[in-house]
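Colleague: using only what follows, build the 3D model:
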Amino acid sequence: MGLLRRVKALLRSRRLFRNWLSLGIRYQLVRYGLIKGNNLLTAICRDGNTSLIEPQVYGFIANVYYDGLIAGYDCGSKSVVLTNGSKLPLNRLHEIVGIKYGWFFNGDCWFKGGIMFKAMRWPIIETFELNQYNVIDVRGRVVVDVGAFVGDSAIYFALKGARKVYAIEPHPEAYEEMLMNISLNGLGDKIMPINIAVGRNGVVCISPDNDITSANVTYSMTEVECSGTRVRSIRLGDLIQKYSIEPDVLKMDCEGCEYDVIMNDYDAVKLFKELVFEYHAYATGRPVSELLRALSRDFKCEFVNEGFLQKYQPRYKREELGMIHCINID
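Modeller: Numbers count the residues shown, from 1 in each chain. The predicted structure is shown next:
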C-alpha cells in the first residue's frame, strides 16, 4: 500500500473513530515492531463506545472503509456496518470479498440474483463470478462433484440445468454448511449430498487443525492412526454402483485425490463422457504427466483456466497446480 493511500485512509477514518489520529499512529508503531507486548488497539467509535481491535483488523477496516465497501464500524457489537445497514461480525470479516462482486449480506446470509449462501467463501466467487466451470455444459446431464465443499459448484451445476448432482464432500463442517446452502436454494430435489471421500476404500482422517477453510486431508486405514475426524472413503467405481449413478460428467477438486481416482480406479473414470478437475501435483509430489498419460487412452484433454490460476494462485507453477478438461473420444 502506498504512503498516499495510507494517509488518505487515516484521514477518512475520522468518520469511524474519535481517536482516529492516536489510533492510526499506534497502529503504525505496532506494524513496524516499535511497540512490543499487548498490541491490541483501543478504538473509540463516534457514539462513544470503545472496542479492542487487533492491529491487522483495524488496518483492514480502515482500508475497506476507504474503498467504500463498508459504511461504518460499531464498537458495541464489534461489527462492520455494511452499506445496506446490515452488520458483519469481525470474525466474519473475511467474507467481505462478496461485496466486491455485488453480493449482499442480510445479517444472516449472502445473496445475489436469487442465489443464497450461508457464508461467503472464496470458492463461491471462483464458481459464480470467475466462471471456473464454464468449460462444461451440464444441461440435462448427471454430475458427480467430488470435493463439493459448501455446495458452491453443485449449486452452480444444478442452476445451469444439470439433471442430477451427486455432491461428495468429506469434511464434516463443509458438508453441514452445504446442506444449509442446498436448502436455502431449494435444490434438494436436484442435489444429493454425500458425506464421504472418494479415492480408496478405507478411512480419510481429517486433522483437528483442518477447519472448514482447509481442504487438506490424509488417508488413514486404521482407527489407531487417526487422531482427528474419521470419514469413510470409497472408490469411484463403488460409489457409482452404490448410488446407481449414470456417469455423465465428473468434476474433481479434492486436493490430490484425483491421483488416486485416475491412477487406481481408471475403469470407473473412463465411463464418464466428460471430466473437469483441478490437479494438485504440489501436494502429491507426482507430476501431472502421469494423469495425462493415463487419460490419453480414452480422452482428449487440455489445460484450461490458466489465466485464472496465474492471477489468483501465482505462487504455483503450471506443473504444480492447474485445471484440466477432458472429453471422452471412445
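Colleague: so where is the stretch 101-250 of the chain shaky, pLDDT-wise?
Modeller: Within the stretch 101-250 of the chain, the segments meeting pLDDT under 70 span 208-225.
Colleague: can you show me the strands along it?
Modeller: Along the stretch 101-250 of the chain, the stretches classed as strands by DSSP state E, counting those that start in this stretch are 104-105, 110-112, 115-117, 142-146, 164-168, 191-194, 197-198, 202-206, 218-220, 229-234, 249-252.
Colleague: pull the distance from the second one to the chain's centre.
Modeller: Averaging C-alpha coordinates over strand 110-112 and over its chain gives two centres that are 16 Å apart (CA atoms, centre = their mean, to the nearest Å).
Colleague: go on, the longest one?
Modeller: Taking CA atoms, centre = their mean, one finds strand 229-234 lying 21 Å from the centre of the chain it belongs to.
Colleague: go through that strand and flag the buried ones.
Modeller: Of all the residues in strand 229-234, those buried under the rule 16 or more other CB atoms under 10 Å are Thr229, Val231, Ser233, Ile234. For the C-beta atoms, the positions are set from N, CA and C on the backbone; glycine is no exception.
Colleague: need these in TSV (columns: distance to Met180).
Modeller: Output for the buried residues of strand 229-234, formatted as TSV (distance: CB to CB, whole Å):
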residue	distance to Met180
Thr229	19
Val231	19
Ser233	24
Ile234	24
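Colleague: which one of the residues you listed sits closest to Val135?
Modeller: Nearest to Val135, judged by CB to CB, of those is Ile234 at 26.9 Å.
Colleague: check contacts around the closest one.
Modeller: Applying CB atoms under 8 Å, 6 or more residues apart in numbering, we find Ile234 in contact with Ile196, Ala197, Val198, Asn201, Lys242.
Colleague: check Ile168 too.
Modeller: So Ile168 contacts Val144, Asp145, Val146, Gly147, Ala148, Ile194, Ile196, Ala197, Val198, Leu239 (CB under 8 Å, 6+ apart).
Colleague: what distance do you get for the last one to Tyr133?
Modeller: Shown here: Leu239 relative to Tyr133, a distance of 20 Å by CB to CB, to the nearest Å.
Colleague: those two - which one has more neighbours?
Modeller: More crowded of Leu239 and Tyr133, by other CB atoms under 10 Å: Tyr133, with 25 against 20.
Colleague: you'd agree Leu236 is up against Tyr266?
Modeller: No: using CB atoms under 8 Å, Leu236 is not in contact with Tyr266, being 9.4 Å away.
Colleague: tell me which of these two has more neighbours.
Modeller: In this view Leu236 and Tyr266 are compared by other CB under 10 Å, and Leu236 has more residues nearby, 28 against 16.
Colleague: what's the closest non-adjacent residue to the more buried one?
Modeller: Nearest residue to Leu236 in three dimensions, chain neighbours excluded: Ala268, at 4.2 Å (CB to CB, 6 or more residues apart in numbering).
Colleague: and the one you found, that's in a helix?
Modeller: Yes: applying DSSP: H, G, I helix; E, B strand; the rest coil, one finds Ala268 inside a helix.
Colleague: so it touches Ile245, yeah?
Modeller: No: with contact defined as CB under 8 Å, Ala268 does not count as touching Ile245 (10.0 Å).
Colleague: please enumerate the helices of this protein.
Modeller: 3-12, 20-31, 55-66, 97-100, 122-128, 152-159, 172-184, 236-242, 257-264, 266-269, 281-284, 288-295, 306-312 (DSSP state H).
Colleague: among these, which comes closest to Val249?
Modeller: Per CB to CB, nearest to Val249 of the helices of the chain: helix 152-159, 8.0 Å.
Colleague: returning to what we had before: so which of the strands of the stretch 101-250 of the chain gets nearest Asn185?
Modeller: Per CB to CB, nearest to Asn185 of those: strand 115-117, 5.9 Å.
Colleague: circling back: among the contacts of Ile234, which one lies nearest to Phe272?
Modeller: Val198 (13.0 Å).
Colleague: contacting residues for that closest one?
Modeller: Counting by CB under 8 Å, 6+ apart, Val198 has contacts Val146, Ile168, Ser233, Ile234, Arg235, Leu236, Leu239, Met252, Cys254, Cys257, Val261.
Colleague: again with Ala62
Modeller: Ala9, Leu10, Arg12, Ser13, Leu16, Gly24.
Colleague: got it, and Gly285?
Modeller: With CB under 8 Å, 6+ apart, Gly285 has no contacts at all.
Colleague: kindly report the same for Gln313.
Modeller: Gln313 touches Leu321, counting by CB under 8 Å, 6+ apart.
Colleague: distance check, His280 against Leu250.
Modeller: 16 Å.
Colleague: between those two, who's got more neighbours?
Modeller: Between His280 and Leu250, counted using other CB under 10 Å, the more crowded position is Leu250 (28 against 22).
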